[in-house]
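**Student:** Task: produce atomic coordinates for the following.
(one chain, ligands or ions: 1)
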Amino acid sequence: MRTVAVIGASLAGLSASRSLREQGYDGRLVIVGAETHRPYDRPPLSKEFLTGKVAEAELALEADGEDLAAEWVLGACAVGLETGERSVRLADGRAVRADGVVIATGAAARTLPGGDGPAGVHVLRTLDDARGLRDDLARGGRLVVIGGGFVGAEVASTAAVMGLDVTFVVAGPTPLAGPLGPDMAAAVSVLHADHGVRLLCGTGVRGLVGKGASPAVLPSGLRGAEATEVSGGAAGRGRVGAVVLDDGRSIPADIVVVGIGAVACTDWLEGSGVALDNGVRCGADGTTSVPGVVAVGDCAAWYDAASATHRRVEHWTGANERPAAAVAALLSGGTAPPAPPRPPYFWSDQYGVRIQFVGNAARADSVTVEDGSPADRSFLAVYRRAGEPVAVLGVDRTKLFTRRRKQLATSVARGATA
Ligand SMILES: Cc1cc2nc3c(=O)[nH]c(=O)nc-3n(C[C@H](O)[C@H](O)[C@H](O)COP(=O)(O)OP(=O)(O)OC[C@H]3O[C@@H](n4cnc5c(N)ncnc54)[C@H](O)[C@@H]3O)c2cc1C
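**Tutor:** Residues are numbered from 1 along each chain as shown. Predicted coordinates for the structure are as follows:
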């Protein structure tokens with residue numbers, strides 16, 4: 001293999017590039033990224049970056065002096081992949097020919113259809129998004145967060161700690177009900193009320209109202225994370241003034257954060273022959289339907305033997321760890337035995353509390369608190385299926401959680417090789 005192109009210059013793309021060099025690849029390495037920035041870390045963008053505790057320079061993912069001997073092509077968007085000749089087309093008309101391609105284009109924040117919304121309405125995925133939100137939050141005022149995922153919950157927490165008046169609107173029964181399951185999600189969501197955040201669950205959003213305007217400018221209804229088709233060009237109508245809920249209530253807002261999930265950045269692969277299915281459909285080692293092309297990170301739906309499904313896992317640790325296996329598969333032409341799978345892991349920091357989760361809550365038929373207590377906002381819960389652990393949640397129980405996480409990884413690896 002003489003040229004490898006890594007498309008996506010963020011965590012998964014950087015990790016794949018490092019793995020290529022670590023695994024002995026010494027050929028030409030081209031890293032293409034749509035953003036103009038060198039790889040940076042996203043988790044602080046909803047946390048310490050907004051408060052000013054972490055500065056831009058501290059977000060860098062590359063170590064000081066790290067040199068991958070790569071050609072960096074930044075501010076360049078891939079718009080097509082010719083799989084026959086393995087050539088990646090860029091928006092500016094250039095093309096990168098490569099023997100191997102790593103797809104690492106991640107995901108983009110889902111936005112309100114019909115435009116960016118009035119001023120004061122934000123999504124949060126990129127450094128540029130975070131800069132805009134940080135500047136708005138610094139002005140203070142009333143913040144409404146729409147959508148019950150981690151990014152929304154963290155922004156609500158960060159803004160509350162900064163002293164803003166925060167309302168958190170969630171379409172489902174509670175924030176984080178998807179990843180944690182409803183019972184444990186409810187136990188975690190009391191943190192919001194503890195810190196004076198108004199949590200409104202089970203209600204969608206009908207639209208946004210500009211300051212001083214009367215009708216809702218997004219008329220077709222926004223059902224939290226399920227929102228797909230709000231319309232009604234809202235741009236250019238001044239600053240946001242309120243969020244109108246499905247039940248007609250109007251929540252005054254100076255700033256709105258729309259945290260309604262992320263969509264895999266795979267448009268550029270349409271028609272290429274790379275199989276897509278809510279992300280790039282991959283084997284258990286990141287191999288795609290096209291030889292010589294692997295996919296990693298948030299854009300990749302790897303096969304998960306435990307649930308016999310293809311799952312897109314949007315967590316930092318997977319984007320950092322899994323590229324090593326994909327690169328091994330790429331360099332060996334798919335003959336390297338896949339590494340035993342590690343259960344997906346994520347953390348979230350809210351109100352100074354560290355929330356950690358490993359495994360898959362959707363597979364569980366029971367969940368038990370085994371240490372501490374939700375009443376103390378510090379506990380460990382184990383999720384089981386037919387008596388066997390399939391997931392663990394730790395809320396401010398980092399030491400014990402780390403032990404249980406290792407045990408779960410060992411039992412999953414044993415199951416995979418049995
Ligand atoms: C605000 C925020 C907070 C988070 N907090 C946590 C946390 O606390 N814990 C946790 O576990 N995870 C967290 N995550 C998730 C974690 O950051 C992601 O899982 C991780 O960034 C995924 O890395 P990636 O490289 O796959 O994708 P991305 O980071 O999305 O990077 C993909 C890159 O590819 C580029 N790209 C897209 N399309 C193209 C194209 N066509 N051509 C060229 N380049 C392209 C994009 O511009 C981007 O730079 C958070 C994410 C966000 C946004």
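
**Student:** contacting residues around the most centrally placed residue in the chain?
**Tutor:** Closest residue to the average C-alpha location of the chain: residue 314 at 4.2 Å, with C-alpha atoms, centre = their mean. By C-beta atoms under 8 Å, 6 or more residues apart in numbering, the contact list for residue 314 reads 107, 262, 298. Every C-beta, even on glycine, is put in place using the N, C-alpha and C of the backbone.

**Student:** Most neighbours among these, which one?
**Tutor:** Ranked by neighbour count (other C-beta atoms under 10 Å), these have residue 298 at the top, with 27 neighbours.

**Student:** pLDDT score for the residue nearest to the centre of the chain?
**Tutor:** pLDDT for residue 314: 96.

**Student:** Can you read off the backbone torsions of it?
**Tutor:** Phi and psi for residue 314, reported as degrees, to the nearest 10, are phi -100, psi 60.

**Student:** How much space separates it from the ligand?
**Tutor:** In this view, residue 314 and the ligand are 5 Å apart by C-beta to the nearest ligand atom, to the nearest Å.

**Student:** again with residue 337
**Tutor:** From residue 337 over to the ligand (counting by C-beta to the nearest ligand atom), the distance is 24 Å.

**Student:** Next: residue 200.
**Tutor:** 22 Å.

**Student:** pretty sure that residue is touching residue 171, no?
**Tutor:** No: Residue 200 lies out of contact with residue 171 (C-beta atoms under 8 Å); the separation is 9.9 Å.

**Student:** neighbour-wise, which of the two wins?
**Tutor:** Neighbours were counted for residue 200 and for residue 171 using other C-beta under 10 Å; residue 171 has more, 22 against 17.

**Student:** Surely that one is in contact with residue 203?
**Tutor:** Yes: assessed by C-beta under 8 Å, residue 171 is found in contact with residue 203 at 6.8 Å.

**Student:** avg pLDDT for the longest helix seen in the chain?
**Tutor:** For the chain, the longest helix by residue count, based on DSSP state H, is helix 398-417. Average pLDDT, helix 398-417: 87.

**Student:** can you list contacts of that helix?
**Tutor:** By C-beta under 8 Å, 6+ apart, helix 398-417 touches 305-306, 340-343, 345, 354, 356, 358-359, 371, 380, 382, 388-392, 394.

**Student:** Quick one: residues contacting residue 50.
**Tutor:** Taking C-beta under 8 Å, 6+ apart as the test, what residue 50 contacts is 130, 133, 134, 137, 155, 158, 159, 162.

**Student:** Give me the subset of the residues you listed lying in helices.
**Tutor:** 130, 133, 134, 137, 155, 158, 159.

**Student:** what would those residues look like in a markdown table with distance to the ligand, neighbour count and pLDDT?
**Tutor:** Converted to a markdown table, the ones in helices among the contacts of residue 50 look like this (distance: C-beta to the nearest ligand atom, whole Å; neighbours: other C-beta atoms under 10 Å; pLDDT from 0 to 100):
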| residue | distance to the ligand | neighbour count | pLDDT |
| --- | --- | --- | --- |
| 130 | 7 | 22 | 98 |
| 133 | 10 | 24 | 98 |
| 134 | 12 | 16 | 98 |
| 137 | 14 | 23 | 98 |
| 155 | 8 | 28 | 98 |
| 158 | 10 | 25 | 98 |
| 159 | 13 | 26 | 98 |
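
**Student:** burial measure for the residue in the stretch 201-350 of the chain that the ligand sits nearest to, as a count.
**Tutor:** The minimum distance from the stretch 201-350 of the chain to the ligand, using C-beta to the nearest ligand atom, falls at residue 297 (2.1 Å). Residue 297 has 35 neighbours, counted by other C-beta under 10 Å.

**Student:** and what of residue 65?
**Tutor:** When neighbours are counted by other C-beta under 10 Å, residue 65 comes out with 5.

**Student:** One more: residue 39?
**Tutor:** 22.

**Student:** Pull the contacting residues for it.
**Tutor:** Counted by C-beta under 8 Å, 6+ apart, residue 39 has contacts 9, 10, 11, 13, 14, 33, 60, 61, 62.

**Student:** mind listing which of these are in strands?
**Tutor:** Per DSSP state E, strands hold the following members of those: residue 33.

**Student:** mind listing the helices for this structure?
**Tutor:** Under DSSP H, the chain gives helices at 11-22, 48-51, 127-138, 150-161, 177-180, 182-194, 316-321, 323-331, 398-417.

**Student:** can you redo the ones you listed as a markdown table with distance to residue 281?
**Tutor:** Shown next, in a markdown table, are these (distance: least, C-beta to C-beta, whole Å):
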| stretch | distance to residue 281 |
| --- | --- |
| helix 11-22 | 16 |
| helix 48-51 | 33 |
| helix 127-138 | 28 |
| helix 150-161 | 25 |
| helix 177-180 | 21 |
| helix 182-194 | 29 |
| helix 316-321 | 16 |
| helix 323-331 | 14 |
| helix 398-417 | 20 |
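
**Student:** Quick check: which of these is nearest to residue 266?
**Tutor:** Nearest of these to residue 266, taken as C-beta to C-beta: helix 11-22 at 13.6 Å.

**Student:** send the alpha carbons of that closest one over as CSV?
**Tutor:** C-alpha atoms of helix 11-22 as CSV (Å, rounded to 0.1, in the frame of the first residue of the first chain):
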residue,chain,number,x,y,z
LEU,A,11,-10.4,12.3,16.8
ALA,A,12,-11.1,9.1,14.8
GLY,A,13,-9.1,10.3,11.8
LEU,A,14,-6.1,11.2,14.0
SER,A,15,-6.3,7.9,15.9
ALA,A,16,-6.4,6.0,12.6
SER,A,17,-3.4,8.0,11.3
ARG,A,18,-1.4,7.2,14.5
SER,A,19,-2.3,3.6,14.2
LEU,A,20,-1.1,3.4,10.6
ARG,A,21,2.3,4.7,11.6
GLU,A,22,2.4,2.5,14.8
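
**Student:** Let me see the contact set for the nearest residue to residue 60 once chain neighbours are set aside.
**Tutor:** The shortest distance from residue 60 to any non-neighbouring residue, by C-beta to C-beta, 6 or more residues apart in numbering, is to residue 40 (6.0 Å). Residues counted as contacts of residue 40 (C-beta under 8 Å, 6+ apart) are 10, 56, 59, 60, 61, 127.

**Student:** Would you check how far apart the residue lying closest to the second one once chain neighbours are set aside and the ligand are?
**Tutor:** In space, residue 56 comes closest to residue 127 once its chain neighbours are excluded; the distance is 7.1 Å by C-beta to C-beta, 6+ apart. Relative to the ligand, residue 127 is positioned 9 Å away (C-beta to the nearest ligand atom).
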